[in-house]
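> What shape does this take:
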Amino acid sequence: MIKINRNNNFDLVRLIASLQVVLFHSFEHLKVENDIIELLFTNFFNFFPGVPIFFFISGFLITASYERNRNEIFKYFKNRFLRIFPGLWACVLVSLFILLIEFNDSFTVLFTDFNLWIWFVTQISFFQFYTPDVLRFWGVGTPNGSLWTITVELQFYLILPLIFSLFYKLKMNKFLWTFFFLTFLILNYFITNITSENSFVKLINVSVIPYLYYFIIGIIIYKYWNFFFQFVKNRGVLFLTIYLCFMWIVHSYFNINATSYNVTNPLKVIADFLLAMVVF
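Next up is the predicted model:
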């Protein structure tokens, strides 16, 4: 088991990633038109997509948590529960309070509209992507669209013990991890490029399957941290420079979008690995 120094900057990195998401969607949904802002986002901020960064870090840290508690699986799930749900419930209660203010007959709606209660239950459990028609008036069509990532995170928490159980039985090695990574990379390619909009496709796109590729990058870096550490230690500025130069080239000449989850080009895979190295 690898020891992770508690004196680290993961919280700072997550704060920066959160700000990227907030600013990106704010400018997009509020239709802010400013040449300087557009230039900064096109050529800099969009090169650091917040959600993949969160998934890299989760793959790394949740793997560490699981390995610490592999013989105490209840403790692992308890820690994951406490990490997510208290903050999530507070967020949902605030959202519900604001929503009820927006309804003219808020108390009538609260006690009579069954869809609102279904929405509330989904938000405090596992199905945060669900929004009934009665709430489509809010914001961009959903009370809190960012919560879809909670659904993906929770699925990752659940399947991680299954992944490691399988890998330990198969005598985990780097070739198996490579095969696993490539499998979900290919799945990402096919799933995120499906053009149909039926219910099954929508459910697949809010499952962990298209995004497991990002978590696996974090898992691999954790499992082989001693190997990666010798390359990243004290080289943050170097990797940042390499990444920015690479992204400028692929964005300018190959139209690779860093904020997209779609892996449509091998250069996107290289970009994701370089971004992960910058993060760590």
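
> Work out for me the element the residue nearest to F164 when sequence neighbours are not counted sits within.
Among residues not flanking F164 along the chain, Y66 sits closest, at 6.5 Å (C-beta to C-beta, 6 or more residues apart in numbering). From N, CA and C alone the C-beta is placed, and that goes for glycine too. Following DSSP states H and E, one finds Y66 within helix 50-68.

> got the buried residues for that helix?
50-66 (16 or more other C-beta atoms under 10 Å).

> go on, stretch 231-239?
Neighbour-count burial for stretch 231-239 [16+ other C-beta under 10 Å]: 232, 239.

> biggest helix in the chain by residues?
Longest helix in the chain, counting residues (DSSP state H): helix 73-102.

> Phi, psi for K233 please.
phi -60, psi 120 (degrees, to the nearest 10).

> Give me the below-cutoff pLDDT ranges for the stretch 101-250 of the chain.
104-111, 169-173, 195-196 (pLDDT under 70).

> residues of stretch 5-22 that come out buried?
Neighbour-count burial for stretch 5-22 [16+ other C-beta under 10 Å]: 13-14, 17, 20-21.

> One more: stretch 209-224?
Buried-residue list, stretch 209-224, by 16+ other C-beta under 10 Å: 209-223.

> rewinding a little: between the longest helix of the chain and helix 50-68, how many degrees?
150 degrees (axes from the mean of the first three to the mean of the last three C-alpha atoms, to 10 degrees).

> What is helix 73-102 packed up against?
Packed against helix 73-102 by the contact rule (3 or more C-beta pairs under 8 Å, 6 or more residues apart in numbering; DSSP states H and E) you find helix 50-68, helix 106-112, helix 114-123, helix 148-169.

> okay, those in JSON lines with distance to I84 next?
Shown next, in JSON lines, are these (distance: least, C-beta to C-beta, whole Å):
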{"stretch": "helix 50-68", "distance to I84": "11"}
{"stretch": "helix 106-112", "distance to I84": "26"}
{"stretch": "helix 114-123", "distance to I84": "12"}
{"stretch": "helix 148-169", "distance to I84": "7"}
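
> Many thanks, I have nothing further to ask.
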